[in-house]
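Q: have a look at this prediction, sequence included:
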Amino acid sequence: MRLLLKRRYTPRGSLGRLFLGQRQLCFIREAPKNCFGSKFSCLEEGIYELEPIHSEASGWQIRVGDKGLILSKAADQLPGNSELCPVSCYRADGTPLFTKLAFQKLLDELGEYWGRGEVLQLQIESKAIPYSYQACQIPSYS
């Protein structure tokens, strides 16, 4: 089973929607793309295997490949390097709401597939940066 994360970049963070088939599961917030000068960055586009992990210190999280994590973070905490944070909805001012609920619903939904022994993958796709930001441009050597 493959989930799809469609996201767009902004200087304050990468915002996306997580889909299972045609159904949206939740919104996702991430750190900005590294070209915006942040010390943290979002995961690169690609396909990653998902795996649930648990520790006494952190509780439940979802490992994304070898690089990232899906985890719950409070609205006042910014996502760290390669962290994907589920959100149920946003206020008009952009404040994320119901982050713990969004993560728990996602974990419950995916737990059914893991319980049946299915392999879950996450495909990340990004919209192009809609403006010309010098640090984000890919150099052409032709």
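A: Alright, I've got the coordinates.

Q: check which helices and strands the lowest-mean-pLDDT helix or strand in the chain sits against.
A: When the helices and strands of the chain are scored by mean pLDDT, DSSP states H and E, strand 96-97 comes last with a mean of 80. Counting contacts by 3 or more Cβ pairs under 8 Å, 6 or more residues apart in numbering; DSSP states H and E, strand 96-97 packs against strand 83-87, strand 89-90. To be clear about C-beta, it is placed using only N, CA and C from the backbone, and glycine gets the same treatment.

Q: quick one, helices of the protein?
A: Along the chain, the stretches classed as helices by DSSP state H are 99-115.

Q: spatially central residue in it, please.
A: L84 (3.2 Å; Cα atoms, centre = their mean).

Q: right, and it touches L3 too?
A: No - no contact is recorded between L84 and L3 when judged using Cβ atoms under 8 Å, the distance being 10.8 Å.

Q: contacts for stretch 61-81?
A: Stretch 61-81 has contacts (Cβ atoms under 8 Å, 6 or more residues apart in numbering) with 13, 29-31, 39-43, 46, 48-55, 58, 82-86, 95-97, 99-100, 102-104, 106-107, 110, 122.

Q: hmm, try it at 7 Å
A: 13, 29-31, 40-41, 43, 48-53, 82-86, 95-97, 99-100, 103, 122 (Cβ atoms under 7 Å, 6 or more residues apart in numbering).
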